[in-house]
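Engineer: pasting the sequence and the predicted coordinates here, then a few questions.
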Amino acid sequence: MTDETTNINNHKARFSNKTAELLHDCDLSLCLTCNACVEACPATGLEGMDPKKFIRMVAEGMDEEAITTPWVWMCSMCEGCISVCPAKADIAGVVGLAREAWPKEKKPRGITGSCDMALKSETCSAMGISEEDFRFVVEETLLDVREEQEGWEELDAPVNRKGAYFFLNQNSREPAMEPDEMVPLWKILHLAGADWTYGTEGWAAENYCMFACDLKSWEHIVRVKAKAVENLGCKVWLNTECAHEMYAFRSGLKKFNIPHNFEVKSIVQYYAQWIREGKLKVNSEWNKGLGIRFTVHDPCQLVRKSFGDPVAEDLRYIVRTVVGENNFIDMTPNRSENYCCGGGGGYLQSGFTEARYKFGAIKFNQIKATGADYCITACHNCHTQIRDLCEHYKGGYHTIHLWTIICLALGCLGENERRYLGPDLAEAGL
Ligand code: SF4
Ligand code: SF4
């Protein structure tokens, strides 16, 4: 027997044991006639596979096929299938086990490369931004705002401030490529009177090791981040608009039994709270007469996989308040039943671009059906994917972060903070 055969057999044995464990309360015989997962899954048909075929393969012991089909990289692990499955089969979980069984060199390089990069330093940045560079970018950007924007001379963006209530993270995309996009977030925190800090360690809001299904590395990154929060004595780990990080950290703490003395929250929950408390004095007056229409996307990792419909209600409360009730149009279906856009699961890094567009067609049609001029996303991966879909399918809508529209409604969105707005809002409120 060759080494490779032994390896495959070892992987198969481990895969079978683990899938059996994962599926022990699912009655897979229910699976024979139901097609609910197939209909709910945007990856249906890619690589000639669908979730029902995949789970049947596993149930029938076709382990080798299950752990070698490239379809596991077509699935975004969005869990849309689980939410409609009468047997509650953890299809995404089994996809994760199959991904785990792939030899590293055969996994999509973009995903493993982002994971490897994050492991190189305590920042956990998948783009390799060092502690010094992060601090430098934050300080320089802050200085520019204080000097150039009247009324913002007191704006702060603290780094490593011990005892701050919130430990804020930041997706690497901003410090690396668009630092001005951090400013609306700082302004919101300032106006809400939030006591917050970044940490030079563990600040990066991404974890592609989770999507690579490299459990050891996923755990390592969660531990580094948890330690960084504890070292600064913060009470709340506050996740910015990045949904996969929300899930990776929150579920990672639980999965790997990592003890911690802080709460884990999404900034979306706080945006809503601060608006309800009157700390963020937003209104939709700016849209009166303009009548610009908005829809909102529910990121799977934030809504379905983390906080459920309550956070989806927070999202809608925020959007309705800032754009005006009559200018908000919901997608169908929505909230926990929303379709995945295809930005998660490592898709943006995997290099399977054509498959990603096909996967995202349902989301694109959902957005177009609303007739909205803008789609708001509270997630970096969703933001990139929904913009890409617009360009690919020539959608004609704009895609923006939640922080952009909140600052617009607060009357404090600076000139350099409008990168994603269309010409209709390029000068609004300046
Ligand atoms: S939804 Fe569940 S029961 Fe129905 S086909 Fe899919 S896995 Fe089987
Ligand atoms: S997790 Fe999402 S993409 Fe994967 S099989 Fe389920 S519905 Fe399809």
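Structural biologist: It's in. Ligands and ions are numbered 1, 2, ... in the order given.

Engineer: all contacts plus neighbour counts: C-alpha atoms, from now on.
Structural biologist: Noted.

Engineer: from the chain's centre, how far out does stretch 275-294 sit?
Structural biologist: Counting by CA atoms, centre = their mean, to the nearest Å, stretch 275-294 is centred 25 Å from the centre of its parent chain.

Engineer: and the residue lying closest to residue 244 once chain neighbours are set aside, what's its pLDDT?
Structural biologist: In space, not counting the residues next to it along the chain, residue 244 is nearest to residue 301; the distance is 5.4 Å by CA to CA, 6 or more residues apart in numbering. Taken from the predicted model, the pLDDT recorded for residue 301 is 97.

Engineer: ditto for the one 10 residues further on
Structural biologist: Model confidence at residue 311, expressed as pLDDT, equals 98.

Engineer: helix, strand, or coil at it?
Structural biologist: The three-state label for residue 311, taken from DSSP: H, G, I helix; E, B strand; the rest coil, comes out as helix.

Engineer: let me see the contact set for it.
Structural biologist: When contacts are counted by CA atoms under 8 Å, 6 or more residues apart in numbering, residue 311 touches 268, 269, 302, 303.

Engineer: ok, now which ones touch the third one?
Structural biologist: The contact partners of residue 302, by CA under 8 Å, 6+ apart, come to 243, 244, 246, 247, 308, 311.

Engineer: same for the helix or strand harbouring the second one, what does it pack against?
Structural biologist: Put plainly, it is residue 244. Applying DSSP states H and E as the criterion places residue 244 in helix 243-255. Judged by 3 or more CA pairs under 8 Å, 6 or more residues apart in numbering; DSSP states H and E, the packing partners of helix 243-255 are helix 215-232, helix 380-393.

Engineer: now the element after the longest one, going C-ward?
Structural biologist: It stands for helix 215-232. For helix 215-232, the succeeding helix or strand toward the C-terminus, using DSSP H and E, is strand 236-239.

Engineer: mind showing which ranges of the stretch 251-400 of the chain have poor pLDDT?
Structural biologist: Judged against pLDDT under 70, the stretch 251-400 of the chain has no low-scoring part.

Engineer: would TSV of the helices and strands packed on helix 243-255 with mean neighbour count be doable?
Structural biologist: Rendered in TSV, the data for those read as follows (neighbours: other CA atoms under 10 Å):
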stretch	mean neighbour count
helix 215-232	20
helix 380-393	20
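
Engineer: can I get those helices in TSV with distance to residue 346?
Structural biologist: Compiled in TSV, the helices and strands packed on helix 243-255 are given as follows (distance: least, CA to CA, whole Å):
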stretch	distance to residue 346
helix 215-232	13
helix 380-393	9
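
Engineer: close to ligand 2: what parts of the stretch 1-150 of the chain are there?
Structural biologist: The stretch 1-150 of the chain comes close to ligand 2 at residues 40-43, 51, 75-81, 91-92, as judged by CA under 6 Å from any ligand atom.

Engineer: most surrounded residue in the contacts of residue 302?
Structural biologist: The most neighbours of any of these, using other CA atoms under 10 Å, belong to residue 244, which has 29 neighbours.

Engineer: what about the helices in the stretch 151-300 of the chain?
Structural biologist: For the stretch 151-300 of the chain, helices defined by DSSP state H, counting those that start in this stretch occupy the ranges 173-177, 183-191, 208-212, 215-232, 243-255, 267-276.

Engineer: wait, residue 279 sits on residue 194?
Structural biologist: No - here residue 279 lies out of contact with residue 194, judged by CA atoms under 8 Å, at a distance of 9.9 Å.

Engineer: from residue 43, how far off is the most centrally placed residue in the chain?
Structural biologist: For the chain, the residue nearest the mean C-alpha position is residue 243 (2.4 Å; CA atoms, centre = their mean). When CA to CA, to the nearest Å is the yardstick, residue 243 and residue 43 sit 20 Å from each other.

Engineer: the domain parsing of the protein - what is it?
Structural biologist: Per the record, the chain has its domains at 3-106, 110-271, 281-425, by automatic domain parsing.

Engineer: between these, which gets nearest to ligand 1?
Structural biologist: Each of the domains of the chain has some distance to ligand 1 by CA to the nearest ligand atom; the shortest is domain 3-106, at 3.2 Å.

Engineer: dump the residue contacts of the residue nearest to the centre of the chain.
Structural biologist: 299, 300, 301, 302, 378, 379, 380, 381.

Engineer: could you dump those residues into a markdown table and include distance to ligand 1?
Structural biologist: Below are the contacts of residue 243 laid out as a markdown table (distance: CA to the nearest ligand atom, whole Å):
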| residue | distance to ligand 1 |
| --- | --- |
| 299 | 21 |
| 300 | 18 |
| 301 | 20 |
| 302 | 22 |
| 378 | 28 |
| 379 | 27 |
| 380 | 29 |
| 381 | 26 |
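
Engineer: list the buried residues of the one helix or strand residue 52 maps to.
Structural biologist: Element membership of residue 52, judged by DSSP H and E, is helix 51-59. The neighbour-count criterion (16 or more other CA atoms under 10 Å) identifies 51, 52, 54, 55, 56, 58, 59 as the buried residues of helix 51-59.

Engineer: looking at those, which is nearest residue 366?
Structural biologist: For these, the residue nearest residue 366 by CA to CA is residue 51; the value is 21.6 Å.

Engineer: correct me, but the closest one touches residue 40?
Structural biologist: No - assessed by CA under 8 Å, residue 51 is found out of contact with residue 40, at 9.4 Å.

Engineer: the closest residue to residue 108 other than its chain neighbours: neighbour count?
Structural biologist: Distances taken as CA to CA, 6+ apart put residue 350 closest to residue 108, at 5.2 Å, once the chain neighbours are dropped. A total of 20 residues lie near residue 350 under the criterion other CA under 10 Å.

Engineer: single out whichever of the residues of the stretch 1-150 of the chain next to ligand 2 has the smallest pLDDT.
Structural biologist: On pLDDT alone, residue 91 ranks lowest of those, at 92.

Engineer: what is the neighbour count of it?
Structural biologist: Here the count is done by other CA under 10 Å, and residue 91 has 26 residues near it.

Engineer: repeat for the one 5 residues further on
Structural biologist: Other residues within reach of residue 96 by the criterion other CA under 10 Å amount to 22.

Engineer: next up, the contacts around residue 250.
Structural biologist: Listed by CA under 8 Å, 6+ apart, the contact set of residue 250 reads 264, 306.

Engineer: swap in residue 400?
Structural biologist: Taking CA under 8 Å, 6+ apart as the definition of contact, the neighbours of residue 400 are 374, 375, 376, 377, 383, 420, 421.

Engineer: contact partners for the closest residue to ligand 2 within the stretch 151-300 of the chain?
Structural biologist: Proximity to ligand 2, evaluated over the stretch 151-300 of the chain using CA to the nearest ligand atom, is greatest for residue 300 at 9.1 Å. Taking CA under 8 Å, 6+ apart as the criterion, residue 300 is in contact with 78, 79, 243, 336, 338, 339, 340.
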